[in-house]
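Novice: build me a model:
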Amino acid sequence: QVQLVESGGGLVQAGGSLRLSCAASGLTFSSYAMGWFRQAPGKEREFVAAIGGTGGTTYYSDSVKGRFTISRDNAKNTVYLQMNSLKPEDTAVYYCAATIGFYGSRPAMYDNWGQGTQVTVSS
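Specialist: Here you go, the predicted model:
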């Protein structure tokens with residue numbers, strides 16, 4: 001079965017950087033589009049970024065565009081989220097997700113989810 005395991009979260013000061021990783025197993029990784037989502041307490045799950053199977057197409061929410069970069073290494077079955085210029089409002093649990101079908105910003109488009117990693121940005 002598909003398994004997605006996120007890592008790299010933690011506590012960082014505003015303006016700092018973090019790099020999240022999501023290791024995938026149980027799938028032909030390059031056939032799957034990957035997405036990053038986040039969920040803050042009391043809020044709905046929010047799209048952050050997505051990347052196509054080959055890595056040639058990326059897509060970002062307006063709130064992170066220019067600060068976050070999604071990338072993937074198909075040889076390592078891993079997708080990354082480089083987060084720079086972090087703000088307190090970026091505080092959330094970050095989830096990676098995978099889909100073999102059409103992908104975009106809606107969580108329902110993704111069939112497989114990781115357990116999440118906490119990112120906390122202090123002011």
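
Novice: let me see the mean pLDDT of stretch 59-70.
Specialist: Mean per-residue pLDDT for stretch 59-70: 97.

Novice: contacts for that stretch, please.
Specialist: 34, 36, 46-51, 58, 79-86, 89-90, 104-105 (CB atoms under 8 Å, 6 or more residues apart in numbering). Backbone N, C-alpha and C define where each C-beta goes, glycine included.

Novice: how about a cut-off of 7 Å?
Specialist: Outside stretch 59-70, the residues that touch it by CB atoms under 7 Å, 6 or more residues apart in numbering are 36, 47-51, 58, 79-85, 104-105.

Novice: ok, which stretches of the chain are helices?
Specialist: Ranges of helices in the chain, per DSSP state H: none exist.

Novice: okay, strands next: where are they in it?
Specialist: 3-7, 10-13, 18-25, 33-39, 46-51, 58-60, 68-73, 78-83, 92-99, 112-113, 117-122 (DSSP state E).

Novice: parallel or antiparallel, list what pairs with the shortest one.
Specialist: Pointing back at strand 112-113 there. strand 92-99 (antiparallel) (DSSP bridges).

Novice: and if you look at the fifth one?
Specialist: Sheet pairing of strand 46-51 (DSSP bridges) gives strand 33-39 (antiparallel), strand 58-60 (antiparallel).
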